[in-house]
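*Asks:* structure for this input, please:
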Amino acid sequence: MRNVLLLAWKETRSYYGSPMAYVVSAAFLALTGQFFVSGVSELLPEASLRAVFTPMTFALILWAPIASMRLLAEEQKLGTLELLLTAPLRDWEIVTGKFCALVAMLLGIIAPTLVYVVLLYWYASPDGGPLLTGYLGLLLYGSAAASLGLFTSSLTGNQIVAGVTAAVALLFLTLASEASGLVSGLPSALLAGVSLPAHYTAFVAGVIELRNVVYFITFIVLFLFLTTLSLESRRWR
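*Replies:* Numbering: from 1, shown residues only. Model (predicted):
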């Protein structure tokens, strides 16, 4: 566990040591701020963050590939991944450490949006339940996107290829629920089943359903497992 935390700290410190981290955070806050202002400016505004939580997921589709694409792809390109693999670190520790760093980065861009919660309580009396579940769902959604991005980063030494691949995959998983309405039968059920937003909307509504929690946890574990297998395969190349 110590190795995981040390690696996570190293990656997080490296990320926040670059201007890109603050540019991305500022852009994320500005984008979500627009949605917040639009939501509270309506004729009959709702004392909640529903108008912000849903668009946030599209912002995460952009954030996850950008944040994750360099974590393993850059190490492959620079040749430092081989050094990391020969260090007294297990493959799962490397993957878990990198993933924990991504979760820390995710918390870093989500935390500033708590100012919207403060403003809501300042001017209204919102229901705290949907706010808590909304942020929980957002954390699970972002973590799932990050795990997929980490996997694509393990497949190539080109950061751009890794980032674009992750973005395309996340876009597909985002639009899958819409596409499910265009077909019927098993294909429709499969598309709806893999859709990220389909398992997220209940959180925004203030409902925690076990099947949605299981979906996100399974999604994360699956892609972390695949990333670990990808690293292990390099030992035999």
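
*Asks:* spatially central residue for the protein, please.
*Replies:* Residue closest to the average C-alpha location in the chain (CA atoms, centre = their mean): residue 142, at 2.2 Å.

*Asks:* ok, and what's touching stretch 103-119?
*Replies:* For stretch 103-119, the surrounding residues in contact (CB atoms under 8 Å, 6 or more residues apart in numbering) are 8, 12, 15-16, 21, 24-25, 28-29, 32-33, 36, 49, 52, 56, 63, 67, 126, 131, 135, 138-139, 142-143, 146. C-beta here means a position set from N, CA and C on the backbone, and glycine is covered the same way.

*Asks:* keep only those of the residues you listed that are in helices.
*Replies:* Among the contacts of stretch 103-119, the ones falling in helices (DSSP state H) are 8, 12, 15-16, 21, 24-25, 28-29, 32-33, 36, 52, 56, 63, 67, 131, 135, 138-139, 142-143, 146.

*Asks:* now which of those residues would you call buried?
*Replies:* Buried members of the ones in helices among the contacts of stretch 103-119, scored by 16 or more other CB atoms under 10 Å, are 8, 12, 15, 21, 24-25, 28-29, 32, 36, 52, 56, 63, 67, 131, 135, 138-139, 142-143, 146.

*Asks:* please tell me I have it right and residue 170 contacts residue 147.
*Replies:* No: applying CB atoms under 8 Å as the test, residue 170 and residue 147 come out as separate, 10.9 Å apart.

*Asks:* got a list of what residue 219 touches?
*Replies:* Shown in contact with residue 219 (CB under 8 Å, 6+ apart): 144, 147-148.

*Asks:* most neighbours, which of those residues?
*Replies:* Most neighbours among the contacts of residue 219, by other CB atoms under 10 Å: residue 148, with 27 neighbours.

*Asks:* so how far is residue 120 from it?
*Replies:* Distance, residue 148 to residue 120, by CB to CB, to the nearest Å: 32 Å.

*Asks:* may I have the phi/psi pair for the closest residue to residue 169 other than its chain neighbours?
*Replies:* Excluding the flanking residues, the one nearest residue 169 by CB to CB, 6 or more residues apart in numbering is residue 148, at 5.9 Å. The phi/psi pair for residue 148 (degrees, to the nearest 10) reads phi -70, psi -40.

*Asks:* circling back to that earlier point, and for the residue nearest to the residue nearest to the centre of the chain when sequence neighbours are not counted, the neighbour number?
*Replies:* Using CB to CB, 6+ apart and skipping residues adjacent in sequence, the residue nearest residue 142 is residue 106, 4.4 Å away. Residue 106 sits with 21 neighbouring residues when counted by other CB under 10 Å.

*Asks:* element containing residue 106?
*Replies:* Assigned by DSSP states H and E, residue 106 belongs to helix 91-110.

*Asks:* next, the buried residues of that helix.
*Replies:* With burial defined by 16+ other CB under 10 Å, the residues of helix 91-110 counted as buried are 91, 93-106, 108-110.

*Asks:* same check on stretch 190-198?
*Replies:* Neighbour counts over stretch 190-198 (16+ other CB under 10 Å) mark 191-192, 194-198 as buried.
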